[in-house]
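In: Let me see the structure of the following:
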Amino acid sequence: MPRKGQIDEKLKQERLGQRRHNAYGIWSEIIECNSSRDIVVLFDNGEKLKTNWKDFTLGVRPPSMQYAKHGDRHTKLNTEWRTMRWRCNPKNKRHHIWYSDKGIKVCKEWDIYTNFKDWALNNGFEEHLTIDRIDSTKDYCPTNCRWITQAENVRNIKYCKSWIPILKYDLLCKRRLYCIRPIYGKWNNSKDGTNK
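Out: Numbers count the residues shown, from 1 in each chain. Now for the predicted structure:
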């Protein structure tokens, strides 16, 4: 009887050569199987990874796609990256009609946060800016994105007719904040500029 984690020779031969693909569509194959806790996997891009049977069956990522510890978890840039990916996720029930139903997705290059961070820092990212797609019918990718203020971004919304930016002062942080306030009713272009 083999010890816990060990497998017999027949099962080793069955598992050797098995191929699976992960959620990103990358195929992997078992090239070495010493026990259920000691498996070496070869990916289509030539990378190797030592893993276990359970992780292999769930779909492992190649080393180049592993989560990196970058220390940016609670920063504005990381929040922009996570919300951009969340909006385009087909499982997102709130924004699916504006993103995944229209086929809008995040490019493969930006699945890795460090790639997105490098692009953002080289293309004018600042704390008060938000990401915007230049052509709203295309994907989030380096050639179709830019950094603009929240007020500019709100003006681009199709279903919004009239919004105005207002300046507020945050007493706790002692800094100015630009907030967006909707103008209700129809805009009157008369000379007095009143809102009806």
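In: Pick out the residue closest to the middle of the chain.
Out: Central residue of the chain (CA atoms, centre = their mean): residue 85, 2.9 Å from the mean position.
In: Quick check: buried residues in the helix or strand containing that residue?
Out: Here residue 85 sits within helix 76-87, counting by DSSP states H and E. Residues 77, 78, 80, 81, 84, 85, 87 are the ones in helix 76-87 that count as buried (16 or more other CB atoms under 10 Å). The C-beta positions use only the backbone N, C-alpha and C, and glycine is treated the same way.
In: gap between the residue nearest to the centre of the chain and residue 75?
Out: Look at residue 85 and residue 75: by CB to CB, to the nearest Å, they are 15 Å apart.
In: What of residue 86?
Out: Distance from residue 86 to residue 75, counting by CB to CB: 16 Å.
In: and if you look at residue 135?
Out: Residue 135 is 27 Å from residue 75, by CB to CB.
In: Looking at those two, which is more packed in?
Out: Set residue 135 next to residue 75 and count neighbours by other CB atoms under 10 Å: residue 75 wins out with 13 against 9.
In: Just the pLDDT at the more buried one, thanks.
Out: At residue 75, the model reports a pLDDT of 88.
In: What score does the closest residue in space to residue 109 that isn't next to it in sequence have for pLDDT?
Out: Excluding the flanking residues, the one nearest residue 109 by CB to CB, 6 or more residues apart in numbering is residue 115, at 5.3 Å. With respect to pLDDT, residue 115 scores 90.
In: neighbours around residue 115, how many?
Out: Per other CB under 10 Å, the neighbour tally for residue 115 reads 15.
In: State the pLDDT value of the closest residue to residue 52 other than its chain neighbours.
Out: Counting by CB to CB, 6+ apart, residue 52 lies nearest to residue 37, which is 4.8 Å off, once chain neighbours are set aside. The model reports residue 37 with a pLDDT of 83.
In: shouldn't residue 37 be in contact with residue 55?
Out: No: counting by CB atoms under 8 Å, residue 37 does not reach residue 55; the two are 10.0 Å apart.
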